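Novice: how would this look folded up:
(2 chains)
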Number of protein chains: 2
Amino acid sequence: MARRRGERRERAPVPTTQYRHLVNPFDPLRILSEDQVAHLHMSAVRYLSDEGIRVSLPEARVIFAGAGAVVDDDMMVRLDPEMVSAMLALAPSEFTIHALNSEHDLHVGGRSTVFLPAAGPPFASDLEGGRRMGTFADYENFIRLTQSFDVMGATMPTVEAGDIPINVRHLHTNRSAVTLSDKAPFIYCRGRRRVRDGFDLMKIRLGIDSDEEFANRARVFTTINTNSPRLLDVPMAMGIIDFARLGQPVAMTPFTLAGAMAPVTMAGALVLQHMEAVAAITLSQLVRPGAPVMYGAFTSNVDMKSGSPAFGTPEAFKGAVASGQLARHIGIPWRSSGSSASNAVDSQAGYETMINMFGAIMGGANWILHAAGWQEGGLVASYEKFIVDIEMCQMLAEMFTPVRTDGDELALDAITEVGPGGHFFGTQHTLDRFEHAFYQPIVFSRASFEQWTEDGAQDAEQRASVIWKRLLADFEAPGVPDDVAAALDEFVERRSAEGGAEPD
Amino acid sequence: MARRRGERRERAPVPTTQYRHLVNPFDPLRILSEDQVAHLHMSAVRYLSDEGIRVSLPEARVIFAGAGAVVDDDMMVRLDPEMVSAMLALAPSEFTIHALNSEHDLHVGGRSTVFLPAAGPPFASDLEGGRRMGTFADYENFIRLTQSFDVMGATMPTVEAGDIPINVRHLHTNRSAVTLSDKAPFIYCRGRRRVRDGFDLMKIRLGIDSDEEFANRARVFTTINTNSPRLLDVPMAMGIIDFARLGQPVAMTPFTLAGAMAPVTMAGALVLQHMEAVAAITLSQLVRPGAPVMYGAFTSNVDMKSGSPAFGTPEAFKGAVASGQLARHIGIPWRSSGSSASNAVDSQAGYETMINMFGAIMGGANWILHAAGWQEGGLVASYEKFIVDIEMCQMLAEMFTPVRTDGDELALDAITEVGPGGHFFGTQHTLDRFEHAFYQPIVFSRASFEQWTEDGAQDAEQRASVIWKRLLADFEAPGVPDDVAAALDEFVERRSAEGGAEPD
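Specialist: This is a model prediction of the structure:
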């Protein structure tokens, strides 16, 4: 008996390798004049010299002072503009992060674009289970989903493993990141000892014995957020120092929400973002000249009625495009974000996410965080949002492929063959190409209303729910040699027995 | 007793005039090289000369023949490339459509951007009433909603008035368009007599007696779709001729869905679109040199699995950007579209609509049709989609405002005042600006999850449902003098008594 259409088994999307090594062909959009860019940069650098930035970590103040910075009793550090310029010039404009599997190596900078999943949400959400505290199982699920799609360049802590004690959480999550995926992993800067554990786990995974060998390539990465305005706190400064010492990349990302942690004007938020990023980059280069860094930008605004963070706003779009200009001005790869404030996987989520993503893509971003699964202003990692965002990222990646006009691409013979008022469906020109002519969606529906109704009238969220479950059911980890797996387990056990690591 | 938060009355959005006369500040995106643009243009023009286009209307063939075109027995018209170039050079690069209220006059071309609502769907849909045949009441409702938002430049037949007999439908809808709104109205090209009735109603509304006076300004507008591939049918050719004779603008829009009515390759679809648009523009200029026209582009693709039209695809984005380049190559204002294939007001609708809208905006489109309310590939006019699309259009319009970096915009004094780790909420710099600092959404929510849950956990579609109802309840028509209203009524009555007009 024929299966009814409504009963047909949803197939999981087939992984494809065509979304690795994405190169953005579009000239970056500009919203500031060259004079405005220079003015913002010079104003930020001058301000750092005149007023400075507060640095909570004594070791970081010593490093700054050693380079001639003026440090006062109030932990304020004032940076000499010439020293800043010299340090910015040392930071590489492009670099490569070497993944566990070299097919997932990431080029960072130039015209390269890397999409990454959400990072940081404390809550997880899915259609059936609803919104709840994130767990280790959720954490691992998002690593698996990230591994399943090549359009995601690297893995991220997409949700907190809230059910694992904080002192050993990093051990369990870092181990999962390097065993369930062969992409480059993220390591949190939540204290010196935890960063050390993350590096050590990666060394075991790679069979590397020495820090020297580990440091000869970028292999992991992190984000540090300055405590805007103008405060570089202890764990973040430690992270910059420790990552720079071992040549691992850091995205320096001020958290400049205009109207709250930053001035209410776009230019004010941007100049604050710029001075904080520049100060953080300067520290990294003082630690290790040439250490790989990114210029992070997260400028958005708060809702002036509620005080809540707003994302996917016109202001965020403008902030993103301007940030790209500022990053290129100092010649450093630019990290941007996809984001939305919506509490649901609804049309608002789609519009807002797209505004941020187009700000990033049109502005020429190199490293686009939170591009899948980010919901509720970053409080929630949503399984369904993850899937619809993957669709979006794949469509954006498809936009990067050129329009060819050579050979038979113009199809003039086919146009003649079909004739006026005809149809191209059956022509040889179409038959030769139709399988790969257009992007085939994984979750977006082009079914007729009648067919869609017969299939249960499911919206994109409901269809996405089917897809992530099947992906997890079908998931196969890339595999780790038994001895390496045992060594990783032994490390986690030993460090747990030692009490793990408390935050600094 | 204080009202509970969940009970608070939803306010209708306050109309604002800041979205009139929008100017896109961004340099248009390019996806084709200059050589590719010239190659596509020359290939299309050469093809029109070698193979030609079928023109069903004898009058149009006579016009073409009078300009030296070769016309064969099979209604095929072959155009001389030099004649085509001369005619394209006559078409204006910019013009103004004069609305009933001069505050709604529309500049078309250059860097100007006009957003317009959906046009053409046979079905209407709303959250409570579901999907059903569009009615005259729906038609009037969408005119009212369009009048309510300045970000919509002109009114459109956003849904068919399916309950009015076809022979008199145009009389009723055209009258409503010029009495419920003071924006410029659209007139369908569905037959010569109906176009005439539309012009006559507008003349009565304006108190204009002669065609000569009517023709001295652009006052109404239309779209004509070629019957792709390469067929200009009777009513469409009539429309071009009648609109051109009276100097009224026409958007020449081939319906080139790659893989169906157009070749499966993007270049093939574009070359077909270009030759059809060029032929139609040539006809208009032969009728009246300098008649205002737009270069319409609707190139998208079909879903190769189902054969259904797909919208908001990567291919549509690329097609839009390339179309903008082709339009600028021939110096004619460019009409593009927002669109989505989704059957629901869901995240898919948001992502897809945004891809098309960004293709239009980044490509520098002058005239963006279907920018509000378009659902299900154009089969449905959705009340809720209309509202969320208005939000999107307003946010896109906000992106057009510049980032100022002068005066106190850099907020350096405020940054000093607040100090490291502080907060900008209470500073004078913020207080002076917070009311107008950021775009205030009409339907998108930034409420916390807790607040949002307390308010009923409504998604954007549910919130939009409240808004359009209140807008309609509060609507006040701009008003028409009693004698004009009586004359319009008398005309509709008389023409109805005469039997209205059947299609040609």
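Novice: helix, strand or coil for the residue lying closest to residue A:152 once chain neighbours are set aside?
Specialist: Counting by Cβ to Cβ, 6 or more residues apart in numbering or on different chains, residue A:152 lies nearest to residue A:146, which is 4.7 Å off, once chain neighbours are set aside. (Each C-beta comes from the backbone N, C-alpha and C, glycine too.) Classification of residue A:146 by DSSP: H, G, I helix; E, B strand; the rest coil places it in helix.
Novice: Return the per-residue confidence for the residue of the stretch 201-350 of chain A found nearest chain B.
Specialist: Closest to chain B within the stretch 201-350 of chain A is residue A:350: 2.0 Å, counting by Cβ to the nearest Cβ. For residue A:350, the pLDDT comes out at 97.
Novice: Does it touch residue B:350 like I think?
Specialist: Yes - using Cβ atoms under 8 Å, residue A:350 and residue B:350 qualify as a contacting pair, with a distance of 2.0 Å.
Novice: Tell me which residues touch the closest residue to residue A:291 other than its chain neighbours, please.
Specialist: Residue nearest to residue A:291 in three dimensions, not counting chain neighbours: residue A:244, with 3.9 Å by Cβ to Cβ, 6+ apart. Counting by Cβ atoms under 8 Å, 6 or more residues apart in numbering or on different chains, residue A:244 makes contact with A:250, A:283, A:284, A:285, A:287, A:288, A:291, A:293.
Novice: next one: residue A:447
Specialist: By Cβ under 8 Å, 6+ apart, the contact set of residue A:447 is A:455, B:306, B:308, B:343.
Novice: Please narrow the contacts of residue A:244 to those residing in strands.
Specialist: Among the contacts of residue A:244, DSSP state E puts A:250, A:293 in strands.
Novice: near chain B, which residues of the stretch 51-200 of chain A?
Specialist: With Cβ under 8 Å from any Cβ of the partner chain as the criterion, the stretch 51-200 of chain A comes near chain B at residues A:51, A:53, A:54, A:76, A:131.
Novice: Can you tell me how far the residue nearest to residue A:152 is from residue A:262?
Specialist: Distance of residue A:146 to residue A:262, given as Cβ to Cβ, to the nearest Å: 31 Å.
Novice: the helices in the stretch 201-350 of chain A, which residues?
Specialist: A:211-214, A:234-245, A:266-287, A:314-329, A:347-363 (DSSP state H, counting those that start in this stretch).
Novice: Make CSV out of the ones you listed and add distance to residue B:279.
Specialist: Output for these, formatted as CSV (distance: least, Cβ to Cβ, whole Å):
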stretch, distance to residue B:279
helix A:211-214, 66
helix A:234-245, 62
helix A:266-287, 46
helix A:314-329, 38
helix A:347-363, 34
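Novice: Looking at those, which one is packed in the most?
Specialist: Mean neighbour count (mean count of other Cβ atoms under 10 Å in any protein chain shown) peaks for helix A:347-363 among the helices of the stretch 201-350 of chain A, with a mean of 29.
Novice: helices or strands up against that one?
Specialist: helix A:314-329, strand A:334-337, strand A:367-369, helix A:383-399, helix B:347-363, helix B:383-399, helix B:460-474 (3 or more Cβ pairs under 8 Å, 6 or more residues apart in numbering or on different chains; DSSP states H and E).
Novice: how many neighbours does the residue of the stretch 351-500 of chain A found nearest chain B have?
Specialist: The stretch 351-500 of chain A approaches chain B most closely through residue A:411 (3.0 Å), counting by Cβ to the nearest Cβ. Residue A:411: 28 surrounding residues under other Cβ atoms under 10 Å in any protein chain shown.
Novice: Excluding residues flanking it in the chain, which one is nearest it?
Specialist: residue B:268 (3.0 Å).
Novice: Surely the one you found and residue A:415 touch.
Specialist: Yes - with contacts counted by Cβ under 8 Å, residue B:268 reaches residue A:415, the gap being 7.0 Å.
Novice: Run through the stretch 201-350 of chain A and note the low-pLDDT ranges.
Specialist: Within the stretch 201-350 of chain A, no stretch falls below the threshold (pLDDT under 70).
Novice: now the contacts of residue A:447: which count as buried?
Specialist: A:455, B:308, B:343 (16 or more other Cβ atoms under 10 Å in any protein chain shown).
Novice: for the residues you listed, which one is nearest residue B:40?
Specialist: Using Cβ to Cβ, residue B:308 comes nearest to residue B:40 of those, at 27.1 Å.
Novice: ok, that closest one - contacts?
Specialist: Counting by Cβ under 8 Å, 6+ apart, the residues that residue B:308 touches are A:446, A:447, A:448, B:302, B:341, B:377.
Novice: do that again at 6 Å, thanks
Specialist: By Cβ atoms under 6 Å, 6 or more residues apart in numbering or on different chains, the contact set of residue B:308 is residue A:446.
Novice: ranges for the strands of the stretch 51-200 of chain A?
Specialist: A:53-55, A:70-71, A:76-78, A:94-97, A:106-109, A:112-115, A:123-126, A:130-133 (DSSP state E, counting those that start in this stretch).
Novice: Could you export those as a markdown table, including mean pLDDT?
Specialist: A markdown table is the format used below for these (pLDDT from 0 to 100):
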| stretch | mean pLDDT |
| --- | --- |
| strand A:53-55 | 98 |
| strand A:70-71 | 98 |
| strand A:76-78 | 98 |
| strand A:94-97 | 98 |
| strand A:106-109 | 98 |
| strand A:112-115 | 98 |
| strand A:123-126 | 98 |
| strand A:130-133 | 98 |
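Novice: mind checking pLDDT for the residue most central in space within chain A?
Specialist: In chain A, the C-alpha nearest the mean C-alpha coordinate belongs to residue A:369, at 1.9 Å (Cα atoms, centre = their mean). Residue A:369 is assigned 98 on the pLDDT scale.
Novice: does it really touch residue A:116, like I thought?
Specialist: Yes - the criterion here is Cβ atoms under 6 Å, and residue A:369 meets it with residue A:116 at 5.0 Å.
Novice: how about the residues of the stretch 51-200 of chain A next to chain B in JSON lines, adding neighbour count?
Specialist: JSON lines is the format used below for these (neighbours: other Cβ atoms under 10 Å in any protein chain shown):
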{"residue": "A:51", "neighbour count": "16"}
{"residue": "A:53", "neighbour count": "26"}
{"residue": "A:54", "neighbour count": "19"}
{"residue": "A:76", "neighbour count": "18"}
{"residue": "A:131", "neighbour count": "16"}
